[in-house]
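J.: Starting from these lines, generate the structure:
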Amino acid sequence: MKGIVLVNEGLESFAEKEIFSVLNSKSVVHEGFLEFEISSYKDLCKLCYLSKLSNKVLLKIASGNIDSSLESLEKIDLSKITEWVTPEVTFSVTCTREGTHDFNSHQAAITLGGKIKEITESTVSLKNPEIPVLLYINNSELVLGIDFSGIDLGIHPYRVFSYGENIKGPVIHSINMFAEVSKNDTILDPFCLAGSLSIDQALEFSGKSIFFYNKDDFAFTNFSKLDFDVEDYLEEFDENISKEKLNLTCSGHLQKNVRNAEKNAKIAGINKSIDFTRNDIDWLDTKFDEKTVDKIVTIPPQFSKRKDDEFISSILDKFFYAAEYILKDNGCIVMMFNRLDLLEELAAKYSFEIVDSFDVMQGSEFLEIFKLKKCKK
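T.: This is a model prediction of the structure:
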């Protein structure tokens, strides 16, 4: 049997590492999705519960190549669908699509749904299907699977107070992976909005699932085909959760942002692991002594039509001035930013240089993440 994970384009290499860490299974990497061997359905349930990078987790039914026409969907091999979709259950088909085709996602779902109904004699239920089927198309490649997740795993449920922050959970986690954050690090986010970077770090270090309080939301909890107690199985992963205080500081210049971040952390059940503090960027050197911070992982204000260039430049200048003082010589800054030229200019002013970067797509938005270190003298 094979599993499929759908991810943001650009996060495939991070997801490959996560799948190997969780399941000890190697992946075949495609654009926007990964394919891997599973030993049982439990593997897919485990990945749904523990993954921080996935948008969807599927049991593979079929895969192949198509052209841009709706008729090419007729070539999909549906021989394995009858193992899951039977006359006794209801089903639905949804379609997620990347690229340009002569059909839209709704038309693809209707076409495939009609074919499955004809083969299985099952009933379509769009509101509450017992078996959700998902078709993923990326240009000429497609995969069809049973959607074990059901929900969008990229929407992390703790983030209720998210004013001003629109970065989805998998991108947040990839930033932390890119920073190679460690439990023993002293880590700072000086531009917190919803607190997602610090909360993600605390969840990772504590061993607590993002979905700890949302186990019933997964589609697989209603699959009669599973021959094990799903609730008992998921609770096995909760046995070693740590509640220790961590060296994480979530800071911002607006009290409402810090308060929202702390509320989100409380919803996630890890607020006591993080130090929440209101602090202007100019005063970071009063919060931290010289060369005491291992990593600064953050998303500063970005350039936009609504924000003055001089305003953003001033904030970044103050940030690098403070970072030069508080960051250890072997420490690093990992940050998302949308003006490479200005970033390089201001970083160099305070003896920082970009040493690595990666790009990720979030919807139609192109995001750039950079790693900076102090220049060697």
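J.: I369: what secondary structure?
T.: Using DSSP: H, G, I helix; E, B strand; the rest coil, the structure places I369 in strand.
J.: Let me know the distance separating it from S174.
T.: 8 Å (C-beta to C-beta, to the nearest Å). All C-beta atoms are positioned from the backbone trio N, CA, C, and that covers glycine.
J.: ok, now G64?
T.: 29 Å.
J.: and what of L367?
T.: 10 Å.
J.: And G64 and S174? Which one has more around it.
T.: S174 (25 against 14; other C-beta atoms under 10 Å).
J.: my read is that one is in a helix, agree?
T.: Yes - remark: S174 belongs to a helix, assigned using three-state DSSP.
J.: for the lengthiest helix in the chain, which positions count as buried?
T.: The single longest helix within the chain, with elements called by DSSP state H, is helix 309-326. Judged by neighbour count using 16 or more other C-beta atoms under 10 Å, the buried positions of helix 309-326 are 312, 315-326.
J.: then it to PDB, C-alphas only?
T.: What follows is helix 309-326, C-alpha atoms only, in PDB (Å, rounded to 0.1, in the frame of the first residue of the first chain):
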ATOM      1  CA  ASP A 309       9.500  52.000   2.300                       C
ATOM      2  CA  GLU A 310      11.300  54.200   4.800                       C
ATOM      3  CA  PHE A 311       9.200  52.800   7.600                       C
ATOM      4  CA  ILE A 312      10.100  49.200   6.800                       C
ATOM      5  CA  SER A 313      13.800  50.200   6.300                       C
ATOM      6  CA  SER A 314      13.900  51.900   9.700                       C
ATOM      7  CA  ILE A 315      12.400  48.900  11.500                       C
ATOM      8  CA  LEU A 316      14.900  46.500   9.800                       C
ATOM      9  CA  ASP A 317      17.800  48.800  10.600                       C
ATOM     10  CA  LYS A 318      16.900  48.800  14.300                       C
ATOM     11  CA  PHE A 319      16.400  45.000  14.100                       C
ATOM     12  CA  PHE A 320      19.900  44.300  12.700                       C
ATOM     13  CA  TYR A 321      21.400  46.700  15.200                       C
ATOM     14  CA  ALA A 322      19.900  44.800  18.100                       C
ATOM     15  CA  ALA A 323      20.600  41.400  16.500                       C
ATOM     16  CA  GLU A 324      24.300  42.200  16.200                       C
ATOM     17  CA  TYR A 325      24.500  42.800  19.900                       C
ATOM     18  CA  ILE A 326      22.300  39.900  21.300                       C
END
